[in-house]
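Visitor: Need coordinates for the below:
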Amino acid sequence: MADAVLKLETIDKAFGSVKAVDSITLEVGGSEFFALLGPSGSGKTTLLRIVAGLETPNAGRVLINGRDVTRLPPYARGLGMVFQDFLLFPHRTVAENIGFPLKMQGASAAERDEHLSWVIGLVHLEGLEDRYPHQLSGGQKQRVALARGLVSQPSLLLLDEPLANLDRELRKEMEIEVRRFQVELGIPFIYVTHNQEEALTMSDRMAVMHRGVFEQVGPKLELYDSPKTRFVASFVGSANRLSGRIAAVNGELAEVDWQGHRLLGPAFYGATANQTVDYFIKSERIAITSSHEAAADNVQTSLQGTLRDVIFKGQYADYFVVLEGAQELVVSGPPHAAELTPRSPVTLTWPATAADLFAAGDD
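Guide: Numbering: from 1, shown residues only. I've put the predicted structure just below:
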């Protein structure tokens, strides 16, 4: 990547016998919003702390704008950071909290005033400069933390789950605002989160991290639509999983035997008959109809079941369908009229290309 601001070269980090980060290589471009997505314990925060200079890798290099900063302290790296818990000084005003990095860098009073005026306008904190943290709402505190990370106009901003402590409505509002800041500033943001909705909403590109390694890196829609591993298929999006055995492979399609039912999906490289597999189908890719109906053609999967419950969520609803053997699938779609009621028979269908198929393995 010619315009890469950040380069990570084969980064390793272990804590005792536990390898938190395992041979990670990454480049982040000069104006992209990059999300590090993964469950707790996946290594994403450790990796961010290595970039920030709060942890030292056991091996590998961190380069920012072509400069090796692996052994430099955080203040010498030219980056900003926003933490999950805000970490505001309770005895300092909004202006003092935001301007603290500039003071530590030895900026003149005139420089501090200029930068402070700019960033307060950017995050819409005008009129709050003399307030203390206990006088602010959760959203205002988050804006102060963002402003403090941006005030020195860093070449890179790191964000470690900064919206995790906000309520749902405020979090949705701040997702839009954080994205706006990044677009207006034109600098790369690296955003750590376990919340896939945040990652998909804000990022241009993302990496799914699991057990210290990158499972997949790429544009967010690519990871959503074309997962390359079992973990990505299960973690990104709302996917149902059915475990079975391959009955036959016909060209690019595999036929899977699941409890005597025929499931169709794309055959992965090396797929063979009798192989145990995990079959994933995202909830919004399933069509649901009333009554038990035959499949429309031979290149789609059709299963029959009983509707257990419907959860209305506004513009769409989640349908919980119990299949033979008590397996339950979740279907997401538009709210239907009264013909779809609990305990009624339903048919679920989806094209073979809508599924994702992988060799079975450990989660």
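Visitor: quick one: the helices in this protein?
Guide: Secondary structure of the chain (DSSP state H): helices at 44-52, 94-104, 109-122, 138-150, 168-185, 196-202, 220-225, 230-235.
Visitor: Can you lay out the ones you listed as CSV showing mean neighbour count, mean pLDDT and distance to Gly333?
Guide: All C-beta atoms are positioned from the backbone trio N, CA, C, and that covers glycine. Output for these, formatted as CSV (neighbours: other C-beta atoms under 10 Å; pLDDT from 0 to 100; distance: least, C-beta to C-beta, whole Å):
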stretch, mean neighbour count, mean pLDDT, distance to Gly333
helix 44-52, 23, 96, 32
helix 94-104, 20, 89, 46
helix 109-122, 16, 89, 40
helix 138-150, 22, 89, 33
helix 168-185, 15, 87, 22
helix 196-202, 19, 92, 18
helix 220-225, 16, 95, 18
helix 230-235, 22, 94, 20
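Visitor: CSV please, covering these and showing distance to Phe312.
Guide: Putting the helices of the chain into CSV (distance: least, C-beta to C-beta, whole Å) gives the following:
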stretch, distance to Phe312
helix 44-52, 34
helix 94-104, 42
helix 109-122, 39
helix 138-150, 28
helix 168-185, 17
helix 196-202, 19
helix 220-225, 24
helix 230-235, 26
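Visitor: and Gly30, which of those helices is closest to it?
Guide: Taking C-beta to C-beta, helix 168-185 is the member of those nearest to Gly30, at 11.2 Å.
Visitor: Give me the contacts around the closest one.
Guide: By C-beta atoms under 8 Å, 6 or more residues apart in numbering, the surrounding residues in contact with helix 168-185 are 33, 122-123, 138-139, 142-143, 146, 150, 157, 159, 162-163, 166, 189, 191, 198, 201-202.
Visitor: ok, Gly38 - contacts?
Guide: Residues in contact with Gly38 (C-beta under 8 Å, 6+ apart) are 44, 194, 208-210, 235.
Visitor: possible to save those as JSON lines with distance to Ile311?
Guide: Listed next are those as JSON lines, based on distance: C-beta to C-beta, whole Å:
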{"residue": "Lys44", "distance to Ile311": "30"}
{"residue": "His194", "distance to Ile311": "23"}
{"residue": "Val208", "distance to Ile311": "27"}
{"residue": "Met209", "distance to Ile311": "30"}
{"residue": "His210", "distance to Ile311": "29"}
{"residue": "Phe235", "distance to Ile311": "22"}
